[in-house]
Structures are given as structure tokens and as C-alpha cells.
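In: Compute the structure for the input listed below.
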Amino acid sequence: MGPPGLRLPRLPRATLTMLPCALGLAVSLGGCHVLHIFDPTHVRRGELIEAESLKDLTPGVSTRADATSVLGTPTAHATFDDNTWIYITQITSTRIARTPGITMQEVLLLKFDPRGTLVSIRELDKGDGKQIAMAPGATASPGSQASFLQQLLGNVGKFTPAGLPGSGTSGPGSGNSLP
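Out: Prediction:
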């Protein structure tokens, strides 16, 4: 109770019900800091190509072997042209709701002639990219819609008369009954 003459203040009922909620919120937000939920995660994909290493490649003189020894294996080749090598470097970091966002992106294009001699070096960055809108609608896939005849004949053989094995009833003569 307490010493005589000391009165504790009475708290309103709404304050008493909100106190556990506020305490729970404070504990859960404190745990977020401990678990680093709000910290961005940086992920690097591809090798970062230094400007110094590009000086070692000279159009008209360098070969594919030179490019491989200086830059390593390319990330990709052009789809219809094996003489275009693509080196991609990208750094992504997490944004709201842990979705990835591109922080830095560099693309290096090396073009070779049919003999394997370097023709050109072109550097692209994130600003050279183009946004592509998704096409509306959906592409139909074969077999996804049944014709009227397929729907009509599709259930043939799926149902058995009552009393036969596999019918799901436990009448006389069914496969699930005991003698």
C-alpha cells in the first residue's frame, strides 16, 4: 500500500490499456536495430573494371586473348554476334520493403572483327539504360483451354458406379469392406 499519507495518482483507464501496447512497440522497434532490418544491403555483381586496365587495350592492335588476360572472361556475348563481348558491373542496395534498387551500373562493350582484333571499346552507364514497359494482356499457351469436346469427354473413366472397387462407398462388394 505505501506509507500513510502518500497517495498514488489514479491513471485513466485508456492510459492503462495503452501502456502495454506502447511497451510492446518500444521492444519490437528496439529489436529491429539489433537485427539490422533497416540497414541497406549492398551487393556487387560482376568485376569492377578500372580505367587503368582499359589503357592496356588498344583498338586495331589488341586481340581477344589480350582482352581476356586484362579483363577476364566476359559476362555475356551479344545474342546474334559472337564478336561483341559484354562486361557488366552492378551494385544493388535494398530499399523499402527489402526490394533491390540499382545504385551503380556500368557496361563495357568490346567489339572484335572476324579475325579477333579489337575494333572498339564503348562504356555505358545507368543513364544509357531504357525503361521497357510490359505488354498488356497475356500470351495464350497451348493446352491451357479445353475445347467443348475435351470438356465433355474429360470425365469419362473418372467415376465408377457405387459398389465397385475405388468408388469410395462401403457397400456390399466394395473393395473397402471386411468379410
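In: quick one: residue 126 and residue 117, what's the gap?
Out: 30 Å (Cβ to Cβ, to the nearest Å). Every residue, glycine included, has its C-beta placed from N, CA and C.
In: Could I get the contacting residues of residue 156?
Out: With contacts defined as Cβ atoms under 8 Å, 6 or more residues apart in numbering, residue 156 has no neighbours.
In: Dihedrals phi and psi, it?
Out: phi -70, psi 130 (degrees, to the nearest 10).
In: Quick one, grab the pLDDT at it.
Out: Residue 156 is assigned 74 on the pLDDT scale.
In: any idea how far it lies from residue 147?
Out: Applying Cβ to Cβ to residue 156 and residue 147 gives a distance of 15 Å.
In: okay, residue 126 and residue 117: which has more neighbours?
Out: residue 117 (15 against 12; other Cβ atoms under 10 Å).
In: which residues pair with that one across the strands?
Out: residue 63 (DSSP bridges).
In: Quick check, it in contact with residue 62.
Out: Yes. Counting by Cβ atoms under 8 Å, residue 117 touches residue 62, with 7.4 Å between them.
In: Which stretches in this structure count as helices?
Out: 13-35, 51-54, 64-71, 148-153 (DSSP state H).
In: I would like the residues contacting the second one, please.
Out: Going back to what we said before, that points to helix 51-54. Contacts of helix 51-54 (Cβ under 8 Å, 6+ apart): 70-71, 108, 121.
In: Repeat the analysis, applying 6 Å as the threshold.
Out: residue 70 (Cβ atoms under 6 Å, 6 or more residues apart in numbering).
In: so where's this structure shaky on pLDDT?
Out: 1-6, 8-17, 19, 26-40, 98, 143-144, 159-179 (pLDDT under 70).
In: let's see 50
Out: 171, 173-178 (pLDDT under 50).
In: Would you mind measuring from residue 130 to residue 82?
Out: Residue 130 is 24 Å from residue 82, by Cβ to Cβ.
In: wait, residue 56
Out: Using Cβ to Cβ, residue 56 is found at 23 Å from residue 82.
In: Could you count how many residues lie near the residue lying closest to residue 92 once chain neighbours are set aside?
Out: Nearest residue to residue 92, sequence neighbours excluded (Cβ to Cβ, 6 or more residues apart in numbering): residue 100, at 4.5 Å. When neighbours are counted by other Cβ under 10 Å, residue 100 registers 12.
In: ok, residue 100 touching residue 90?
Out: No. Counting by Cβ atoms under 6 Å, residue 100 stays clear of residue 90, with 10.0 Å between them.
In: Look up phi and psi at residue 50.
Out: phi -80, psi 150.
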